[in-house]
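> give me a 3D structure for the following:
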Amino acid sequence: MHIRHGSLIAGALVLCLTGCATAQTDAGGPATSIPPATPTSSPATPAASATCDTVLADAEYASLATDGMDLAADTSALGSAMQAMIDAGGLACVWEKSEGDVRVWFAQVDLDAPGWDAKRAELLAAGYTEGDAPFTGTLTAPKDYDPNYTPALYHRDGVLYFASYPEFLGSVLALQ
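Residues are numbered from 1 along each chain as shown. Alright, predicted model coming up:
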């Protein structure tokens, strides 16, 4: 009797510990989730060492400053694709004008090749298109993703990048 109860308790504990990952949808795209990065003994990836103050090329930081854009304290995601990256422990940065509603969103997260293959298939099925700007293989959100922004995602060397517009990916230091 104790063995049977022990097995039931152990089974329930495993279910509680593993849990069920859920994803939320919003008007900004399909329900998505990205598995959290698995710690390894390999060297730090660009996603692990990047900060909002180091992820971009110096010229882009200068351009943001010239345009009156400052790093925002609020890093609310631009849709579900970015939110999934944040939920997986990724870096999220938002720059905004102090006056007005102009914002630039950026995120990056470690994502291995099988994870990218699954995410890519999911996004393409949801209406994303694959193109060559600014890099071959960039996925661009459907035109109805957001009335003001058409984000893009790009995967390279085990890191998934998100930007509120495709051209901004060209400013990411790790992609230059």
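> and residue 99, what pLDDT?
pLDDT, residue 99: 80.
> next: residue 148.
We have a pLDDT of 88 for residue 148.
> what's the local residue count around it?
Counted with other Cβ atoms under 10 Å, the neighbours of residue 148 add up to 11. The way it works is simple: take the backbone N, C-alpha and C, and place the C-beta from them, glycine included.
> where along this protein do the strands fall?
69-71, 91-97, 103-110, 129-131, 138-140, 152-156, 159-163 (DSSP state E).
> show me what the longest one pairs with in its sheet, parallel or antiparallel.
Just to be clear, that refers to strand 103-110. Within its sheet, and counting by DSSP bridges, strand 103-110 is paired with strand 91-97 (antiparallel), strand 159-163 (antiparallel).
> report the buried residues of the longest one.
Under the neighbour-count criterion of 16 or more other Cβ atoms under 10 Å, strand 91-97 has 91, 92, 93, 94, 95, 96 buried.
> rebuild those as CSV, extending it with distance to residue 75 and pLDDT.
CSV is the format used below for the buried residues of strand 91-97 (distance: Cβ to Cβ, whole Å; pLDDT from 0 to 100):
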residue, distance to residue 75, pLDDT
91, 9, 96
92, 4, 97
93, 7, 97
94, 5, 97
95, 10, 97
96, 11, 95
